[in-house]
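Visitor: Give me the fold of what follows.
(one chain, ligands or ions: 1)
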Amino acid sequence: MDIPYIKCHGSDNDFIMIDERKLEESLTDEDRKEVALLLSDRLEGIGSDGILYVLSSSKAEACMRMFNSDGSEAEMCGNGLRCVARYITEETGKEKVHIETAKAVLPVERVSDIYEGIATFSVAIEPVSFSASSLPMETESEQVVDTVLRDLTEDQTFTALSVPNPHIVSVVTELDEEVLENIGKKANNSPHLFPNGVNVSFVRKIDDNKIFVQTYERGVGLTNACGTAMSASSIVSVIVAGNNPDLPVTVMNKGGMVQCIVHDNEEYKVELQGNATYVYEAEVRVDISTQSFEESPHHVHTEENERYSELREFAKTEGGL
Ligand SMILES: N[C@@H](CCC[C@H](N)C(=O)O)C(=O)O
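Guide: Take a look at the predicted model:
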C-alpha cells in the first residue's frame, strides 16, 4: 500500500502524519499498530515518536488517532494534535475547527506566532481528572496529590492526573534525566500500580509561571517534549508550586517551548499553544504482511525546521540547558 505522509513535530516531539482519507485501502487497528512499529523505528524505519492518523469524523471536521512508537494507542497527544490542527485548518481554510479524539471533541485554532515565523496552534487539553481510577492507578486513596509513591522512589512526591491520558508529575529542584528514565521504566513495569502504563514528568520551576518539563513517555521512553505532559505539569505547578491560573505558564522543554493556560473554574482545562512544524512530505510503500517498506527517494522539504532551530536555541538558553 502506498502511504503519503508528512513528517512533522511539535516541540521536537516528532510524528509521521498519515491522512487515512487519502489511502486506497482502509487500515485496521492491527495495521495501524504494525505501521507504527515499522515506520517509527529510529534505526530500521523512518524514525518518529509515533504516528498521527487523520480520519473522517461525523462529529467534527476530522478525527485524530495516535499510536506510540511501540505500537500502543494513546488516548490523546497534545503536540500531535497541534500538527493535525494545522493540517485541517489549512485544508478547510477555517481558522478554528474541532477534532475528534478518543475521549473528547476538542476545539483547535491558529493563534499568533509563539516565536517569529513559527506557525502556532492552540489546542484544548481535556477532560482533566484527578481521580486515580481515571488513569487508571491502583491505590487506596481517591486522589494522589504531592504524595510519595514508595514503589517508585522514597525521595520525591508525585501528583497523578489524566488529561485524559495518564500522567504522574513530580516537582523537583534539580532535574536528573537518568533518575527520570529509571522511574519512568519502573512505573511502566508496575502493572499492579499502573495497569495501562503512565507518562512520568519532572518539573523544575524557573520563575513565576515559567517551568522546565521533561517526560518519560509511556510507549516511547524519554522524548524531547510531550504536550499532554506539559499541560499536566502546568496544572500541577499551579497546585503545588504556586503558579497562577488563567495566565500563560511558559513551558521550556528540550525541543523548544510552549505556553499553557490553566483554567481552574469548575474543572481544570488547559489551552496548549505551540508550534506545528512540517519538516518534509514524502511517500512510503508498506507491505504489512512481510513487515517491510520502501521509501520513495523524493522528499519535499520545507524550510520550517531551519527556521525552528532559532527557537530551539532560544529555549535551550532560557531553560538553562
Ligand atoms: N507526546 C504526546 C503524548 C503521546 C502519548 C503518550 N506517550 C501516551 O501513551 O499517553 C503528547 O504530545 O501529548
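
Visitor: Please save the CA atoms from stretch 9-26 in PDB.
Guide: The C-alpha coordinates for stretch 9-26 follow below in PDB (Å, rounded to 0.1, in the frame of the first residue of the first chain):
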ATOM      1  CA  HIS A   9       6.800  17.900  15.000                       C
ATOM      2  CA  GLY A  10       5.600  19.900  18.000                       C
ATOM      3  CA  SER A  11       8.500  20.900  20.200                       C
ATOM      4  CA  ASP A  12      10.700  18.300  18.500                       C
ATOM      5  CA  ASN A  13       8.200  15.500  19.600                       C
ATOM      6  CA  ASP A  14       8.200  14.100  16.100                       C
ATOM      7  CA  PHE A  15       5.500  12.300  14.200                       C
ATOM      8  CA  ILE A  16       4.600  10.700  10.900                       C
ATOM      9  CA  MET A  17       1.200  12.100  10.000                       C
ATOM     10  CA  ILE A  18      -0.900   9.900   7.700                       C
ATOM     11  CA  ASP A  19      -4.200  11.100   6.200                       C
ATOM     12  CA  GLU A  20      -6.200   7.800   6.000                       C
ATOM     13  CA  ARG A  21      -8.900   9.500   3.900                       C
ATOM     14  CA  LYS A  22      -6.400   9.500   1.100                       C
ATOM     15  CA  LEU A  23      -5.400   5.800   1.200                       C
ATOM     16  CA  GLU A  24      -6.700   3.400  -1.400                       C
ATOM     17  CA  GLU A  25      -7.400   0.700   1.300                       C
ATOM     18  CA  SER A  26      -8.700   1.300   4.800                       C
END
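
Visitor: going forward can the numbers begin at 55, since that is how I track them
Guide: With the count now opening at 55, the last piece we talked about shows up as stretch 63-80.

Visitor: Now that stretch: average pLDDT?
Guide: Averaged across stretch 63-80, the pLDDT comes to 97.

Visitor: Same check on stretch 365-374?
Guide: Mean predicted lDDT for stretch 365-374 stands at 86.

Visitor: which residues touch that stretch?
Guide: 66, 168-169, 172, 260, 266, 306-311, 329, 375 (Cβ atoms under 8 Å, 6 or more residues apart in numbering). Just so you know, the C-beta spots here come from the backbone N, C-alpha and C atoms, and that holds for glycine as well.

Visitor: Please spell out the PyMOL selection for the buried subset of those.
Guide: Buried residues within the contacts of stretch 365-374, by 16 or more other Cβ atoms under 10 Å, are selected in PyMOL with:
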select buried, resi 66+168+169+172+266+306+307+308+309+310+311+329
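
Visitor: Restricted to strands, list the contacts of stretch 365-374.
Guide: 260, 266, 306, 307, 310, 311, 329 (DSSP state E).

Visitor: need the next SSE after the one helix or strand residue 106 maps to, C-terminal direction.
Guide: Following DSSP states H and E, the helix or strand that holds residue 106 is strand 104-109. Using DSSP H and E, the next helix or strand after strand 104-109 towards the C-terminus is strand 116-122.

Visitor: returning to what we had before: can you name every helix or strand that the strand holding residue 106 contacts?
Guide: Where contact means 3 or more Cβ pairs under 8 Å, 6 or more residues apart in numbering; DSSP states H and E, strand 104-109 is packed against strand 67-73, helix 83-94, strand 116-122, helix 132-146.

Visitor: Mind putting those into TSV with distance to residue 232?
Guide: Shown next, in TSV, are these (distance: least, Cβ to Cβ, whole Å):
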stretch	distance to residue 232
strand 67-73	20
helix 83-94	24
strand 116-122	22
helix 132-146	24
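
Visitor: wait, which of these is closest to the ligand?
Guide: Nearest of these to the ligand, taken as Cβ to the nearest ligand atom: helix 132-146 at 3.4 Å.

Visitor: Give me the three-state assignment for the nearest residue to residue 348 once chain neighbours are set aside.
Guide: What sits nearest to residue 348 in space, not counting adjacent residues and going by Cβ to Cβ, 6 or more residues apart in numbering, is residue 339, at 4.7 Å. Assigned by DSSP: H, G, I helix; E, B strand; the rest coil, the conformation of residue 339 is strand.

Visitor: That'll do, ta.
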